[in-house]
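Colleague: below: sequence and its predicted model.
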Amino acid sequence: MLDAERQMQLKYLNKEFAATVRYCREEAGWAKEELLQLKHAIASYRGSLKQLAAAYPKGWSKQRAIAKAGPLSSKDAVFVGVLRIAARRGLSMSRSQALGQAGKISMWKALAEPVVVHWEPKGGGKYRSIVKYGILRAAQQLPLRDVLSMMGIDSEFDYTRKGAGGERAFVHEIKQSMTDGRRWWWTPDIENCFPSMRPKHFDWLPVDKRLLKTVIFLPKCTKIRVSMPKEATTVVEYLKQTYPDFVPSDLSLPERASSDFYRWTDPAGYAAGLNARAAPSKGLHRTGTSACRRR
C-alpha cells in the first residue's frame, strides 16, 4: 500500500499520461495500433514508478537500486517523456519521430542539444537570462523528476510542487503564521543563489552521481546560444558593468545583432535554470553567429 504522498504524485502523473494519449490521438492523429503501443509504454513506465514508490518505506538505498535498473534505464521512460513535452508545447509529432528523438536520449550521457538563453529586462537597468530547453533536454529531465518524487525528495515547504497550492497557499501559510503570533522574517532575494550552486551541494541526493553531470547540471560540452533582444547593446553594457573582469571593455556587436543567435559562455552560470545548471566559466567569449534566426 502506497502512502498518501506517493499516491498523490502518481495521480498527477496519470493525468499527464492521459493528456499525452489524448494529444497523440486528437492532435497528432496517431492510428489505433500506435496508441495501443503508447499505452503499453506508459503502463510499463508507470509500473516501474509504482515499484519504486512501494519501496519508499525500505529507504533510499533500496530505492536507488530500483530506480537505476528501472525508470532511469527505461526506453519507455524517455519515449513517453518526449511525447509529454510535445503535448505540453503543442508540437505535432508522429510515433516514428518520437522514437527517433527518444533514441538520442540517455540518462547517463551528455546531450549534444544546445540550450537557448533569452535576456529579459528586470528593472533598474538589469537583465535576467531566461533559459529555453530543447525537447531532448526537457524530456531527459522528466524521468529523474518522477524518480525523485517517488523517493520523497520534494520539500514540504516547496509550494510549487504538484498539489501544494502554489503562491496562494504560500501567502496563506505566512498570514496564518503571523496570526498565530510567530515572528516572521523575510529576504526579497538570495544574491547569486543559482550561480553559487555546485554539484557537491547535491551529493546527498540518493541517485547515481553521474546524473549530476548529465541531467541536474549542464555538462561542460553544452553549447549555449544567447538570443539577443532589440536592445542588444544595452545588454552588453550591463554585462560589462556586472562582470568587468570577464567581459572585454571593447566588446561590441555587429549590425543585425538582434536578428541573430550568438553563442556565449556565461561567467555567472545564469545560462541555465535549476535542473540544468551550467557551471561558471572563466570568461565570456564571443564565438560567432549561428545560422538559426531568432523567432
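Modeller: Yes, it's here. Residues are numbered from 1 along each chain as shown.
Colleague: so how far is the longest strand along the chain from its chain's centroid?
Modeller: The longest strand of the chain (DSSP state E) is strand 115-123. Computed by CA atoms, centre = their mean, to the nearest Å, the chain-centroid distance of strand 115-123 equals 16 Å.
Colleague: one more: stretch 66-86?
Modeller: Relative to the centre of its chain, stretch 66-86 is centred 15 Å away, using CA atoms, centre = their mean.
Colleague: tell me the SS of the most far-flung residue of the chain relative to its centre?
Modeller: Distance from the centre of the chain peaks at residue 181, with 38.1 Å (CA atoms, centre = their mean). The three-state label given to residue 181 by DSSP: H, G, I helix; E, B strand; the rest coil is coil.
Colleague: what mean pLDDT does the longest strand of the chain get?
Modeller: Per-region confidence: strand 115-123 scores 83 on mean pLDDT.
Colleague: in that strand, what's buried?
Modeller: Buried residues in strand 115-123, counting neighbours by 16 or more other CB atoms under 10 Å, are found at 115-119. No exception for glycine: its C-beta is placed from N, CA and C like everyone else's.
Colleague: just stretch 215-225 next, same as before
Modeller: Judged by neighbour count using 16+ other CB under 10 Å, the buried positions of stretch 215-225 are 215-218, 222, 224-225.
Colleague: can you say which two of the residues you listed are spatially most distant?
Modeller: Greatest spatial distance in the buried residues of stretch 215-225: 216 and 225, 21.1 Å, computed using CB to CB.
Colleague: quick one: pLDDT of residue 255?
Modeller: Listed pLDDT for residue 255 reads 45.
Colleague: meant to ask about residue 219, not that
Modeller: Per-residue confidence (pLDDT) for residue 219: 86.
Colleague: who's in contact with it?
Modeller: By CB atoms under 8 Å, 6 or more residues apart in numbering, the contact list for residue 219 reads 110-111, 213.
Colleague: at 7 Å instead, please
Modeller: Residue 219 is in contact with 110, 213, counting by CB atoms under 7 Å, 6 or more residues apart in numbering.
Colleague: what's the answer for residue 177, then?
Modeller: Residues in contact with residue 177 (CB under 7 Å, 6+ apart) are residue 184.
Colleague: same check on residue 116?
Modeller: Shown in contact with residue 116 (CB under 7 Å, 6+ apart): 132, 225, 227.
Colleague: and stretch 44-63, average pLDDT?
Modeller: In this model, stretch 44-63 has a mean pLDDT of 94.
Colleague: the protein: helices as residue ranges?
Modeller: Per DSSP state H, the chain carries helices over the ranges 4-26, 32-54, 60-69, 75-89, 95-102, 135-150, 166-179, 210-211, 232-242.
Colleague: mind listing what residue 200 touches?
Modeller: With CB under 7 Å, 6+ apart, residue 200 has no contacts at all.
Colleague: picking up where we left off before, just the buried residues of strand 115-123 now: which is nearest residue 10?
Modeller: The shortest approach to residue 10 among these belongs to residue 115, at 30.2 Å (CB to CB).
Colleague: so where's the stretch 51-200 of the chain shaky on pLDDT?
Modeller: Counting by pLDDT under 70, the ranges of the stretch 51-200 of the chain that qualify are 154-163, 185-189.
Colleague: let's see 80
Modeller: Low-confidence segments of the stretch 51-200 of the chain (pLDDT under 80): 123-125, 128, 154-167, 183-196.
Colleague: now residue 13: closest residue in space that isn't a chain neighbour?
Modeller: Using CB to CB, 6 or more residues apart in numbering and skipping residues adjacent in sequence, the residue nearest residue 13 is residue 146, 6.7 Å away.
Colleague: thought that neighbour was touching residue 52?
Modeller: No - using CB atoms under 7 Å, residue 146 is not in contact with residue 52, being 8.7 Å away.
Colleague: mutual contacts of these two, please.
Modeller: residue 71.
Colleague: count of neighbours near residue 21?
Modeller: Residue 21: 18 surrounding residues under other CB atoms under 10 Å.
Colleague: residue 16 too?
Modeller: Neighbour count for residue 16, taken as other CB under 10 Å: 17.
Colleague: just put the contacts of residue 116 in TSV and tack on distance to residue 101.
Modeller: Listed next are the contacts of residue 116 as TSV, based on distance: CB to CB, whole Å:
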residue	distance to residue 101
132	17
225	19
227	23
